[in-house]
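*Asks:* sequence first, predicted coordinates after that:
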Amino acid sequence: MKIGIDTFACDSGKSGIGLCLKEFLKRIPPSGAKYELFGWEYDRFTYSEDAPALDFVPQCFVKGTTANSLWHIFKYPDFASSRSYNACLFPAAHRRLPNTSPCPTIGIVHDMAAYYGTRKTRRHLGAVLRMMLPSALRRLDRIIAVSNFVKQELVELAGVNENRIEVIPNGIDHSNFYPRPINDEAVVLIQPFSFNRPYILYTSRLDHPIKNHVTLIKAFGIFKERTKFLHRLVLAGAEAHGAEKVRETAKASAYKSDIFFTGHFPPKSLPELYSGADMVVFPSMYEGFGMGVLEAMASGVPVACARAASLLEAAEHAALYFDPLDAEDMADRMVSLATDRELASECRRLGLERVKEFSWDRSAERILAVILETAGGVSRPYKVSAES
């Protein structure tokens with residue numbers, strides 16, 4: 001049995017989607033079905049460390065979203081047929097899909113952000129993909145949604161039959177994200193950065209307005225006025241759509257000297273950054289899963305997050321919630337976590353309990369079972385143990 005894995009639109013392993021693909025590839029069994037990657041030529045070695053035994057077939061040599069969408073529509077069927085795939089997995093099915101396929105298909109959908117809000121605020125997919133994506137999603141044999149929230153969006157926005165959707169949450173790398181002793185250290189050194197404590201953290205690309213940095217900056221100003229505390233606000237993430245608006249808001253803040261932008265932050269250093277934070281605040285108005293919330297909880301940090309999208313599903317009762325459009329409400333939760341030690345301690349405890357339910361091993365086992373079932377193989381649970 002031969003399974004193709006499409007690595008297009010996975011951001012060369014650098015985004016959350018790329019991380020999920022890498023974690024899955026680490027857990028593919030060495031025996032059984034043969035798995036093969038295909039994607040951009042420049043990604044030839046992107047996944048070699050995580051999946052050294054898998055072949056990589058470069059395709060689509062004209063760069064760009066539109067060109068790649070057209071490749072999937074017109075070239076993928078012949079390509080998949082020539083490779084004799086028994087099934088094909090699309091790890092970024094909400095970004096790139098073919099219209100037809102000579103073999104059964106499985107798509108992983110992380111969000112439907114391209115259809116959230118107005119045209120000006122939606123994530124850009126390109127005209128070709130925007131027109132064909134809903135129908136392409138309906139043609140998939142199986143869909144894996146990373147949350148019940150995404151499953152509901154697939155049903156409502158794309159008209160997908162819910163019987164073909166299976167919810168398989170992403171996992172957490174518990175060998176990497178865990179409570180680390182910081183004690184009373186005044187500075188957290190993470191080369192090339194130096195973070196003065198205490199600080200409030202938000203890890204997300206600067207994407208305005210969907211990631212809601214502007215309201216967080218306003219709430220931080222209210223927090224500072226009320227408490228007179230020394231806290232700083234650390235915004236860790238690469239610049240994206242509308243980043244200039246976020247920076248303008250920070251520059252206009254009376255507390256601009258306490259607001260620190262890191263730009264793209266090295267993923268390997270995120271656990272240390274989380275562990276040094278006094279609290280983590282997630283004001284995002286749209287998240288398909290809420291990975292950052294769970295990473296913060298696994299690091300033993302209290303969390304306050306927006307009452308929006310999948311965030312309630314991710315954190316459940318282990319976080320404090322606020323209206324993402326209300327800076328005063330957001331500031332109230334920040335003040336509570338900074339001034340009430342018992343409340344912060346309880347949030348830490350509940351967060352650590354909550355994240356025990358998330359495992360990359362369990363996620364990979366379930367995805368592998370769906371692939372085998374769809375490809376016509378014998379369904380059986382794989383036991384994988386890439387986590388320590």
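*Replies:* Nice, thanks for sending it over.

*Asks:* immediately after the helix-or-strand element of the chain with minimal mean pLDDT, which helix or strand?
*Replies:* Here the helix or strand of the chain ranked lowest by mean pLDDT, DSSP states H and E is helix 127-139, holding a mean of 79. Sequence-wise, the next helix or strand downstream of helix 127-139 (DSSP states H and E) is strand 142-145.

*Asks:* next SSE downstream of that following strand?
*Replies:* Defined by DSSP H and E, the subsequent element after strand 142-145 is helix 148-158.

*Asks:* Lys215 touches Ala327, doesn't it?
*Replies:* No Lys there; residue 215 is Thr. Yes: contact criterion C-beta atoms under 8 Å: Thr215 and Ala327 qualify, at 5.2 Å. Heads up, the C-betas are built off the backbone N, CA and C, glycines and all.

*Asks:* SS state for Phe261?
*Replies:* With DSSP: H, G, I helix; E, B strand; the rest coil as the basis, the three-state label of Phe261 is strand.

*Asks:* try Ile3
*Replies:* Quick answer, by three-state DSSP: Ile3 is strand.

*Asks:* now the nearest residue to it once chain neighbours are set aside, what's its secondary structure?
*Replies:* Distance criterion C-beta to C-beta, 6 or more residues apart in numbering; nearest residue to Ile3, sequence neighbours excluded, is Tyr35 at 4.9 Å. Put simply, Tyr35 is strand when judged by three-state DSSP.

*Asks:* wait, doesn't Tyr35 sit right on Met1?
*Replies:* No: using C-beta under 8 Å, Tyr35 makes no contact with Met1, being 9.5 Å away.

*Asks:* comparing these two, which shows the higher neighbour count?
*Replies:* A direct count of neighbours by other C-beta atoms under 10 Å for Tyr35 and Met1 places Tyr35 higher, at 20 against 15.

*Asks:* list the contacts of that one.
*Replies:* Lys2, Ile3, Gly4, Ile5, Ile28, Ala51, Leu54 (C-beta atoms under 8 Å, 6 or more residues apart in numbering).

*Asks:* show me which of those residues are buried.
*Replies:* Among the contacts of Tyr35, those buried by neighbour count (16 or more other C-beta atoms under 10 Å) are Ile3, Gly4, Ile5, Ile28, Ala51.

*Asks:* just the helices in the stretch 151-300 of the chain please.
*Replies:* 213-227, 243-252, 270-275, 291-298 (DSSP state H, counting those that start in this stretch).

*Asks:* tabulate the ones you listed (CSV), appending mean neighbour count, distance to Val281 and mean pLDDT.
*Replies:* Listed next are these as CSV, based on neighbours: other C-beta atoms under 10 Å; distance: least, C-beta to C-beta, whole Å; pLDDT from 0 to 100:
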stretch, mean neighbour count, distance to Val281, mean pLDDT
helix 213-227, 21, 6, 98
helix 243-252, 16, 15, 97
helix 270-275, 20, 12, 95
helix 291-298, 25, 9, 97
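
*Asks:* those: which one's closest to Ser336?
*Replies:* helix 213-227 (10.3 Å; C-beta to C-beta).

*Asks:* if you count contacts, what does the closest one end up packed against?
*Replies:* strand 199-203, strand 232-236, helix 243-252, helix 327-339 (3 or more C-beta pairs under 8 Å, 6 or more residues apart in numbering; DSSP states H and E).

*Asks:* who are the contact partners of the nearest residue to Ala298 once chain neighbours are set aside?
*Replies:* Closest residue in space to Ala298, ignoring its immediate chain neighbours: Phe177 at 3.8 Å, by C-beta to C-beta, 6+ apart. Listed by C-beta under 8 Å, 6+ apart, the contact set of Phe177 reads Leu270, Pro271, Tyr274, Glu295, Ala298, Ser299, Val355.

*Asks:* now with 10 Å?
*Replies:* Leu270, Pro271, Tyr274, Ser275, Leu294, Glu295, Ala296, Met297, Ala298, Ser299, Gly300, Val355 (C-beta atoms under 10 Å, 6 or more residues apart in numbering).

*Asks:* pick the one among the buried ones among the contacts of Tyr35 closest to Thr249.
*Replies:* Distances from Thr249 to those, taken by C-beta to C-beta, are shortest for Ile5, at 40.6 Å.

*Asks:* wouldn't that closest one be in contact with Ile28 here?
*Replies:* Yes: between Ile5 and Ile28 there is a contact under C-beta atoms under 10 Å: 9.0 Å.

*Asks:* any residues in contact with both of those two?
*Replies:* Common neighbours of Ile5 and Ile28 (C-beta under 10 Å, 6+ apart) are Tyr35, Ala51, Leu54, Ile371.

*Asks:* who's in contact with the most far-flung residue of the chain relative to its centre?
*Replies:* Most distant from the centre of the chain: Lys228, at 34.0 Å, with distances by C-alpha atoms, centre = their mean. Lys228 sits next to no residue when contact means C-beta under 10 Å, 6+ apart.
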